[in-house]
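*Asks:* coords please:
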Amino acid sequence: MTPVEEMIQHLESNGCSTLIWDPFVLEGEFSDEDNFATVFPKDDHFDIVVLATAHRQFLEMDWADISKICPSKVIFDGRRVLSPEEMKSMGWNYHGIGFPT
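*Replies:* Predicted structure coming up:
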């Protein structure tokens, strides 16, 4: 089990719906296939985004475009790889895990 799976189990046990997308995880590798997407779901809507890995693909995403499908614009950057200033300038409510407050 990866730390992400443990986090997903905790969120779901508290009533949250989750969706996992990772371009390096193949279909069948994750224990909960119902919540796994092989392609980033640009037609979906999200309450929050949790960035749990630092793949280059995540750094190069169009976060301004993604903010359109995340009305709350809340992101938790678990790897602290995104620029807080840049994310905030796009309207994101940015939380870098481990940054002092």
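
*Asks:* May I have the longest helix anywhere in the chain as CSV, with CA atoms only?
*Replies:* Counting by DSSP state H, the longest helix found in the chain is helix 3-13. What follows is helix 3-13, C-alpha atoms only, in CSV (Å, rounded to 0.1, in the frame of the first residue of the first chain):
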residue,chain,number,x,y,z
PRO,A,3,0.8,6.4,1.5
VAL,A,4,-1.7,7.7,-1.0
GLU,A,5,-3.9,4.7,-0.6
GLU,A,6,-3.8,5.1,3.2
MET,A,7,-4.9,8.8,2.7
ILE,A,8,-7.7,7.8,0.3
GLN,A,9,-9.0,5.2,2.8
HIS,A,10,-9.0,7.8,5.6
LEU,A,11,-10.8,10.4,3.4
GLU,A,12,-13.4,7.8,2.2
SER,A,13,-14.0,6.5,5.7
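
*Asks:* and the next element down the chain from that helix?
*Replies:* With elements assigned by DSSP states H and E, the helix or strand that comes after helix 3-13 is strand 20-21.

*Asks:* Adjacent strands (with direction) for that following strand?
*Replies:* Strand 20-21 sits in its sheet next to strand 36-37 (parallel), going by DSSP bridges.

*Asks:* just checking, next helix/strand downstream of the partner strand?
*Replies:* Past strand 36-37, the next helix or strand by DSSP H and E is strand 48-51.
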